[in-house]
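Asker: Provided below are the primary sequence and the corresponding predicted coordinates.
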Amino acid sequence: MLIDLSDILSAEKKEKSVTVPIEFTEISYKGNQYPVTASDVKLEITNQGKKKLLIQMEFQATLRIPCDRCLEDVVIEVPVCEEKVVDFNFLKTEENDDQDEFNFMDGCNLDVDMLAYGEISLAIPMKVLCKEDCKGICSVCGCNRNLVSCDCDTTVPDPRMSAIYDIFNNFKEV
Ligand SMILES: [Zn+2]
Ligand SMILES: [Zn+2]
């Protein structure tokens, strides 16, 4: 949803509080799309003067992403409580290509979905595990070793090898 900020920009010290729903239902992670649900986004926007706006946001997102090792869905709660300062003096210099940080601004409009999407993306852990000691999928018979104990010989004597097995499993997902 786009929020027009021109009225706040027009007067210093002006504040605005809005609560808006998120309109996307999927989020991209390591090249795949996964379902996301989120609470409404609470926004507090304050004109700090000199064309700078402080944007404070708070919401809670819930993601379902498969475990890196066993591929079972993992529910990830992502609480977001962040603030950003948007400097419109800086935004005006459109020649600057390095605007990714403010890709949620479209002129005087704040794209709440883009802002929330960016924050959720940043909050997803690099490694998604259903549990710290997830046994993963057997590389021989393919069973979920958290649920079934097969008799395959997959002994990993060196802990450094488990990292290699993780890489192997990631390749299998593709
Ligand atoms: Zn797992
Ligand atoms: Zn097995």
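Answerer: Cool, got the structure. Ligands and ions are numbered 1, 2, ... in the order given.
Asker: Quick check: which ranges of the protein have low pLDDT?
Answerer: 92-99, 154-162, 164-165, 168, 171-174 (pLDDT under 70).
Asker: Repeat the analysis, applying 90 as the threshold.
Answerer: Low-confidence segments of the chain (pLDDT under 90): 11-13, 88-103, 106-107, 125, 139, 149, 151-174.
Asker: Could you list the domains of it?
Answerer: Using automatic domain parsing, the domain ranges for the chain come out as 2-123, 135-174.
Asker: what's the closest of the ones you listed to ligand 1?
Answerer: Relative to ligand 1, the nearest member of these by CB to the ion is domain 2-123, separated by 3.1 Å. Where C-beta positions appear, they are placed from N, C-alpha and C, glycine not excepted.
Asker: ok, the closest one near ligand 2 or not?
Answerer: No - Domain 2-123 lies apart from ligand 2 when judged by CB under 5 Å from the ion; the minimum separation is 12.6 Å.
Asker: What distance do you get for the residue located most distally from the centre of the chain to Leu54?
Answerer: Within the chain, the residue lying farthest from the chain centre (CA atoms, centre = their mean) is Asp151, at 38.6 Å. Separation of Asp151 from Leu54 (CB to CB, to the nearest Å): 61 Å.
Asker: Enumerate the positions of the helix or strand where Lys16 lies that are buried.
Answerer: Secondary structure assignment for Lys16, by DSSP states H and E: strand 15-20. Of all the residues in strand 15-20, those buried under the rule 16 or more other CB atoms under 10 Å are Val20.
Asker: I'd like to check what contacts the helix or strand just after that strand. Which residues are they?
Answerer: Per DSSP H and E, the first helix or strand lying C-terminal to strand 15-20 is strand 26-29. Residues from elsewhere that reach strand 26-29 (CB atoms under 8 Å, 6 or more residues apart in numbering): 33-36, 63, 65, 117, 120-121, 124.
Asker: Buried only: go through the residues you listed for me.
Answerer: Using 16+ other CB under 10 Å, the buried ones in the contacts of strand 26-29 are 34, 36, 63, 65, 117, 120, 124.
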